[in-house]
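In: Provide a 3D model corresponding to the input given below.
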Amino acid sequence: MIQEAPRESSGNKQKAARALNLSRRGSLKKMKQLGIRIRDPNAI
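Out: Numbering: from 1, shown residues only. Below you'll find the model as predicted:
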C-alpha cells in the first residue's frame with residue numbers, strides 16, 4: 001500500500017500522503033525509513 005501511493009499519485013507527495021492518511025512530512029519520513037523513493041515523473 002505505501003509502495004503504491006507515490007506511483008498512483010504520479011509523484012505528487014501531498015496526494016500520496018493523503019492516500020495514506022498521513023501528513024506530508026510523516027509520509028516522507030515513513031517512506032525514507034522503508035527506503036521508498038518518490039521519483040519525479042518529468043525527470044529524464
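
In: and Met1, what does it touch?
Out: Met1 is in contact with Leu20, counting by CB atoms under 8 Å, 6 or more residues apart in numbering. (Glycine included, C-beta is placed from N, CA and C.)

In: In stretch 11-27, which residues are buried?
Out: By neighbour count on 16 or more other CB atoms under 10 Å, the buried set for stretch 11-27 is Lys13, Ala16, Ala17, Ala19, Leu20, Leu22, Ser27.

In: so how far is Pro6 from the fourth one?
Out: Applying CB to CB, to the nearest Å, the value for Ala19 to Pro6 is 9 Å.

In: With Lys30 instead?
Out: Counting by CB to CB, the gap from Lys30 to Pro6 is 11 Å.

In: Can you verify my assumption that Arg37 contacts Leu28?
Out: No - look at Arg37 against Leu28 with CB atoms under 8 Å: they stay out of range, at 10.5 Å.

In: Those two: which has the busier surroundings?
Out: Ranked by neighbour count (other CB atoms under 10 Å), Arg37 and Leu28 place Leu28 first, with 16 against 7.

In: Could you tell me the backbone phi and psi angles at that one?
Out: phi -70, psi -40 (degrees, to the nearest 10).

In: Lys30 and Pro6 - which one has more neighbours?
Out: Pro6 (23 against 14).

In: No further questions, thank you.
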